[in-house]
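Colleague: here's a sequence, model it:
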Amino acid sequence: MTERVPVLFCDGIIEANVLNGVVRITLGQAGGDGKPSPCGQIVLPLTQLPGATNAMVALVRQIQDKMKESAPKQQGAAPAEAPAAPSDMPSAFKFS
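Modeller: Here you go, the predicted structure:
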């Protein structure tokens, strides 16, 4: 049986700092009042930050490409509708 990894949802980054060659990125969730509160931390060696950042940028680009591919299909299906809003992203897709 495979091990389950913790799942963490965040709305953004509260702060980030580097100390002794270790990057600590504090993640936040918006509370009922709209103010972020810490919900977890990403900790990695500073030497790994460029690789992790490049992987995230590549993921964002792949998601943007998928959204562009699906936009003409959505608009072509119902020409009377308004163009798809940015929040109208595909429900699921996977990248490796």
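
Colleague: from here on, contacts and neighbour counts on C-alpha atoms
Modeller: OK.

Colleague: so, low pLDDT: which residues of this protein?
Modeller: The chain contains residues with pLDDT under 70 at 1, 72-96.

Colleague: and if we set it to 50?
Modeller: The chain contains residues with pLDDT under 50 at 80-85.

Colleague: strands of that one, residue ranges please.
Modeller: Counting by DSSP state E, the segments of the chain that form strands are 12-19, 22-30, 36-45.

Colleague: which secondary structure elements does the longest one sit against?
Modeller: To tie it back to what came earlier, the one meant is strand 36-45. Helices and strands touching strand 36-45, by 3 or more Cα pairs under 8 Å, 6 or more residues apart in numbering; DSSP states H and E, are strand 12-19, strand 22-30.

Colleague: between those, which one is nearest to Ala58?
Modeller: When the helices and strands packed on strand 36-45 are ranked by distance to Ala58, counting by Cα to Cα, first place goes to strand 12-19 at 18.4 Å.

Colleague: thinking again about what came up before, closest to Asp65 out of the helices and strands packed on strand 36-45?
Modeller: Taking Cα to Cα as the criterion, strand 12-19 is the member of the helices and strands packed on strand 36-45 that comes nearest to Asp65, at 22.5 Å.
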